[in-house]
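Q: Sequence and predicted structure are below.
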Amino acid sequence: MPNLHLPPAMDALRPRLGALVAAIEARLPYGAALLSARQGLRISVSDREEEVTKQAPSAGTVISAFDGMTMHEAAGGFNLAEIERATHRLLQHRAPAGSNLIDPGPQRRGDFITPMRIAPDSLSTKEKLDRCRALHRRVRAMDERIVNAQIHYTEIGELSVFCNRAADLAQRVQRLRLTVMVAVAGADGVRYDWTSKDATGGWEALEYTDDELRQVIDNAIALLRSERIEPGEYTIITAPGVTGTICHESFGHGVETDMFLKQRAKAAGFVDRRSARRW
């Protein structure tokens, strides 16, 4: 299995999770434990300024116990004594008579890591900043009508360990994003366009071709000649992804489970009723 390079506190706690889960399931239908750690970095480079920000790391443990009707959770750090006390508090819940153990699925064990050729942690912060600077200079030199170019880089690294009666799993996931924004000026003002590359992987997934950068610049320049849309109602044709976004933002939030629990869901009055028709 790959070496995930777990922090010492997570590495020391992992072998103890099975006993904690077993203690829960001696009295309740299901128990599980999750260890997680997350950290990130943001770099911004523009004509006017440069900024490097390390996101505050977050880490901790979540112990879960299902009493047959409700999932209860307790959260804390990586201190074993604190986690044992939190587990003991969860055991104060009682399972209804006749409750059976929850089937957690087949036995599985494994460690997984995002495949990368150029892992972010193989580069220093200065090297990442230099790469953003180089991309900024490259974009800036492509057209004299550019009045500002912005490069935004974000990386987020996540470590997770999950344990229940059937599973002992861990993963290291690396997420990256590199955004290019171009502003151009003309007789009628300033317009801009942007593009972004997202990856679950390494820096090799963030390379921009000249054609990709040229397209962003050309889009911004085309907007200098665009006419304003008259207010009113229009029939539009959108790609599936855009259609889904419109639906989600217009009424999707109102049908999320927490809105039902808070009695804020407009859709509560439409359960088991047809509310739309597909054309």
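A: On my side now, so go ahead. Numbering: from 1, shown residues only.
Q: residue contacts, the residue nearest to Trp194 when sequence neighbours are not counted?
A: Sequence neighbours aside, Met181 is the residue nearest to Trp194 in space, at 4.0 Å (criterion: CB to CB, 6 or more residues apart in numbering). C-beta: built from backbone N, CA, C; applies to glycine. Residues touching Met181, when contacts are defined by CB atoms under 8 Å, 6 or more residues apart in numbering, comprise 149-152, 192-194.
Q: Kindly recompute the last result at 10 Å.
A: Applying CB atoms under 10 Å, 6 or more residues apart in numbering, one finds that Met181 lies in contact with 46, 139, 148-152, 192-196, 216, 220.
Q: Over to Leu17?
A: In this structure, Leu17 makes contact with 31-35, 61, 63, 83, 161-164, 168, judged by CB under 10 Å, 6+ apart.
Q: List buried residues within these.
A: 31-35, 61, 63, 83, 161-164, 168 (16 or more other CB atoms under 10 Å).
Q: Taking those together, which two end up most distant?
A: Farthest-apart pair in those is Ile83 and Asp168; separation 16.5 Å (CB to CB).
Q: among the contacts of Leu17, which are in helices?
A: Members of these lying in helices (criterion: DSSP state H): Ile83.
Q: quick one: which of the contacts of Leu17 is nearest Ala22?
A: Looking at the contacts of Leu17 and their distance to Ala22, the nearest is Gly31, at 7.8 Å (CB to CB).
Q: What residues does that closest one make contact with?
A: Applying CB under 10 Å, 6+ apart, one finds that Gly31 lies in contact with 17, 20-25, 63-66, 72, 87, 90-91, 101-102, 104, 163-165.
Q: In this protein, spot the helix with the most residues.
A: helix 125-140.
Q: Show me the contact partners of it.
A: Helix 125-140 is contacted by residues 41, 43-47, 50-52, 54, 118, 120, 123-124, 146-153, 155, 178, 180-182, 203, 206-208, 210, 213-214, 216-217 when judged by CB under 10 Å, 6+ apart.
Q: Next, the buried residues of that helix.
A: Along helix 125-140, these residues count as buried under the neighbour rule (16+ other CB under 10 Å): 128-129, 131-132, 135-136, 139.
Q: ok, now stretch 196-213?
A: Applying a neighbour-count criterion of 16+ other CB under 10 Å, one finds 199, 201-203, 206, 213 buried in stretch 196-213.
Q: Equivalent analysis for stretch 233-249, please.
A: When burial is assessed from 16+ other CB under 10 Å, stretch 233-249 yields no buried residues.
Q: repeat for stretch 222-234
A: Leu223.
Q: all helices for the stretch 1-150 of the chain, in order.
A: Using DSSP state H, counting those that start in this stretch, the helices found in the stretch 1-150 of the chain span residues 8-13, 17-25, 80-90, 125-140.
Q: Would you mind pulling up the elements that the first one packs against?
A: Counting by 3 or more CB pairs under 10 Å, 6 or more residues apart in numbering; DSSP states H and E, the packing neighbours recorded for helix 8-13 are strand 30-45, strand 50-66, helix 80-90, strand 146-164.
Q: Can you list the neighbours in contact with that helix?
A: With contact meaning CB under 10 Å, 6+ apart, helix 8-13 is reached by 4-7, 20, 33, 35-37, 59, 61, 77-80, 83, 159-161, 163, 170.
Q: pLDDT below threshold where in the stretch 1-150 of the chain?
A: Using pLDDT under 70 as the threshold, the predicted model of the stretch 1-150 of the chain has low-confidence ranges 1, 97-99.
Q: Most distant residue from the centre of the chain?
A: In the chain, the greatest distance from the average C-alpha position (CA atoms, centre = their mean) is reached by Ala187, at 40.6 Å.
Q: What is the burial count for the closest residue to Gln215 other than its chain neighbours?
A: Closest residue to Gln215 in three dimensions, ignoring its sequence neighbours and counting by CB to CB, 6+ apart: Thr195, at 7.5 Å. Residues near Thr195, counting by other CB atoms under 10 Å, number 15.
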